[in-house]
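Visitor: only geometry, no sequence info:
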């Protein structure tokens with residue numbers, strides 16, 4: 001293998017290992033925490049995680065702009081004085097934002113639990129957004145090894161602290177679990193600063209207020225930032241509707257099955273992180289051919305992964321009997337990993353590489369509008385938890401299909417037949433899993449998946465061969 005291929009394989013290995021560690025730790029946390037703390041305490045913990053997922057947008061797209069504009073460059077070629085100034089300007093902005101959140105929470109929080117959560121959100125905002133500028137620099141310049149170490153440090157420390165609190169100290173309060181998350185993020189920030197110390201620590205005489213550079217980054221990144229906000233809102237609006245219509249305990253139960261269904265996304269993200277800088281360096285004429293290869297390869301794997309649902313449901317029902325009712329709904333929501341996986345790894349990565357952030361934004365905004373409509377209908381009109389949960393997969397499938405149709409026109413490739421086939425298989429999975437007992441359902445879905453492999457045999461075999469040839473060049 002040549003140096004380029006060796007580098008690609010090394011980066012993928014680093015990213016894969018760190019994300020497998022993250023997946024393992026996330027699995028432990030997702031399965032252990034609800035076993036040992038009360039349903040209401042778990043609900044508040046999920047509420048913190050829910051709100052904290054939005055803090056990454058309070059940098060106004062600054063970090064996204066850095067990622068898009070400088071992705072694909074070499075770290076050694078970056079203007080360190082420029083990034084030194086941009087980093088500390090971002091720190092100043094995030095401190096102001098954090099203080100603002102703290103003041104508003106103190107004035108308007110409804111109870112002490114909500115006040116505590118928002119205080120932690122204020123701290124989380126500063127840590128996360130400052131850290132992500134440096135992480136995006138590492139990712140965009142292909143320093144995947146350092147990024148992988150940072151990810152593992154945060155997750156391992158977070159997991160160790162939670163296990164310490166639950167088992168050795170016997171603590172069952174959600175607020176200390178929140179503090180464990182903050183400590184893990186702080187540790188990862190410190191290590192990120194260490195790896196980018198030639199950017200963070202320079203002479204003050206080299207600092208300048210680069211308003212023009214800041215504006216360029218924000219103007220480029222804000223479209224992607226709004227697209228990401230809209231992406232989270234698609235699911236967030238439904239979850240918010242569930243929390244408002246029912247209670248925090250129901251919110252916690254539904255959040256649990258969403259977290260379980262999303263575990264596979266950790267692995268998918270490992271591939272996507274490596275792909276973006278790689279695609280930025282590939283000739284655009286090659287992108288359509290590579291897309292069809294990757295698509296056939298990915299979908300054969302993602303559709304196969306759905307089979308994991310059946311043993312997973314049985315195991316979880318035994319391990320967490322207090323949540324057994326929630327696992328019935330997992331049949332409706334589990335296919336989200338299929339559409340989120342394809343969206344994250346293929347469609348969004350390609351659109352970012354082609355600098356089509358506006359397409360991502362438009363697709364997500366359309367889906368958010370649809371999310372608002374469906375949430376009102378499901379939670380306020382019908383007051384149906386089943387329909388509310390089902391709407392999550394419908395929305396994610398709609399977004400994925402719409403985005404891929406736009407991308408296929410840009411790349412001039414035909415994907416409509418494949419999209420229709422995948423929708424049919426998803427529909428069959430939901431029907432089978434909802435109405436048939438787990439063992440029989442697993443056998444029936446295996447037959448459906450086998451038929452898919454027969455239909456797509458030629459394309460799947462070809463994609464595997466071409467990927468093998470690419471790696472061995």
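Guide: Arrived safely. A quick note: this is a predicted structure, and the numbers were derived from the prediction, not measured.

Visitor: now the host helix or strand of residue 224: average pLDDT?
Guide: Here residue 224, judged by DSSP states H and E, is contained in helix 211-245. In this model, helix 211-245 carries a mean pLDDT of 86.

Visitor: and the next helix or strand after it with helix 211-245, angle?
Guide: Per DSSP H and E, the first helix or strand lying C-terminal to helix 211-245 is helix 248-261. Orientation check (axes from the mean of the first three to the mean of the last three Cα atoms, to 10 degrees): helix 248-261 against helix 211-245 gives 120 degrees.

Visitor: which strands or helices does helix 248-261 pack on?
Guide: For helix 248-261, the elements it packs on are helix 3-36, helix 39-52, helix 211-245, helix 324-333, helix 336-342, helix 385-411, judged by 3 or more Cβ pairs under 8 Å, 6 or more residues apart in numbering; DSSP states H and E. Backbone N, C-alpha and C define where each C-beta goes, glycine included.

Visitor: by contact count, what packs against the helix holding residue 224?
Guide: Helix 211-245 makes packing contacts with helix 39-52, helix 62-70, helix 80-108, helix 248-261, helix 357-375, helix 385-411 when contacts are defined by 3+ Cβ pairs under 8 Å, 6+ apart.

Visitor: ranking the helices and strands packed on helix 248-261 by burial, who's on top?
Guide: The highest average neighbour count among those, using mean count of other Cβ atoms under 10 Å, belongs to helix 336-342 at a mean of 24.

Visitor: what is it packed up against?
Guide: helix 248-261, helix 263-280, helix 287-305, helix 385-411, helix 416-435.

Visitor: okay if I get those helices as a markdown table plus distance to residue 231 and mean pLDDT?
Guide: Output for those, formatted as a markdown table (distance: least, Cβ to Cβ, whole Å; pLDDT from 0 to 100):
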| stretch | distance to residue 231 | mean pLDDT |
| --- | --- | --- |
| helix 248-261 | 14 | 79 |
| helix 263-280 | 12 | 63 |
| helix 287-305 | 19 | 87 |
| helix 385-411 | 8 | 94 |
| helix 416-435 | 19 | 94 |
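
Visitor: CSV for these, including distance to residue 327?
Guide: Formatted as CSV, those follow (distance: least, Cβ to Cβ, whole Å):
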stretch, distance to residue 327
helix 248-261, 7
helix 263-280, 14
helix 287-305, 18
helix 385-411, 12
helix 416-435, 11
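
Visitor: and residue 72, which of these is closest to it?
Guide: Among the helices and strands packed on helix 336-342, the nearest to residue 72 by Cβ to Cβ is helix 263-280 (3.3 Å).

Visitor: picking up where we left off before, do you know which of the helices and strands packed on helix 211-245 lies nearest residue 347?
Guide: Of all the helices and strands packed on helix 211-245, helix 385-411 sits nearest to residue 347, with 4.9 Å by Cβ to Cβ.

Visitor: OK, contacts around residue 429?
Guide: For residue 429, the contacting residues are 306, 309, 334-335, 445, 448, by Cβ atoms under 8 Å, 6 or more residues apart in numbering.

Visitor: now which of those residues would you call buried?
Guide: The neighbour count (16 or more other Cβ atoms under 10 Å) marks 306, 309, 334-335, 445 as buried among the contacts of residue 429.

Visitor: I'd like the helices and strands packed on helix 248-261 written out as a markdown table, with distance to residue 202 added.
Guide: Output for those, formatted as a markdown table (distance: least, Cβ to Cβ, whole Å):
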| stretch | distance to residue 202 |
| --- | --- |
| helix 3-36 | 28 |
| helix 39-52 | 31 |
| helix 211-245 | 16 |
| helix 324-333 | 48 |
| helix 336-342 | 40 |
| helix 385-411 | 41 |
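
Visitor: between these, which one is nearest to residue 356?
Guide: Closest to residue 356 of the helices and strands packed on helix 248-261, according to Cβ to Cβ: helix 385-411, at 6.7 Å.

Visitor: that closest one versus helix 287-305: what angle between them?
Guide: Here helix 385-411 points in a direction 160 degrees away from that of helix 287-305 (the same axes, to 10 degrees).

Visitor: check which helices and strands helix 385-411 sits against.
Guide: Secondary-structure packing of helix 385-411 (3+ Cβ pairs under 8 Å, 6+ apart): helix 211-245, helix 248-261, helix 287-305, helix 324-333, helix 336-342, helix 348-353, helix 357-375, helix 416-435.

Visitor: tell me the angle it makes with helix 416-435.
Guide: Relative orientation of helix 385-411 and helix 416-435, computed by the same axes, to 10 degrees: 170 degrees.

Visitor: figure out how far helix 385-411 is from the centre of its chain.
Guide: Offset of helix 385-411 from its chain centre (Cα atoms, centre = their mean, to the nearest Å): 16 Å.

Visitor: ok, stretch 298-305 next?
Guide: Using Cα atoms, centre = their mean, the offset of stretch 298-305 from its chain centre is 18 Å.

Visitor: also stretch 179-198?
Guide: 20 Å.

Visitor: kindly report the same for stretch 326-341.
Guide: Using Cα atoms, centre = their mean, the mean C-alpha position of stretch 326-341 is found 15 Å from that of the whole chain.

Visitor: tell me the residue in the chain that is farthest from the middle.
Guide: Using Cα atoms, centre = their mean, the residue of the chain lying farthest from its centre is residue 205. It sits 38.8 Å away.

Visitor: for residue 383, helix, strand, or coil?
Guide: Classification of residue 383 using DSSP: H, G, I helix; E, B strand; the rest coil returns coil.
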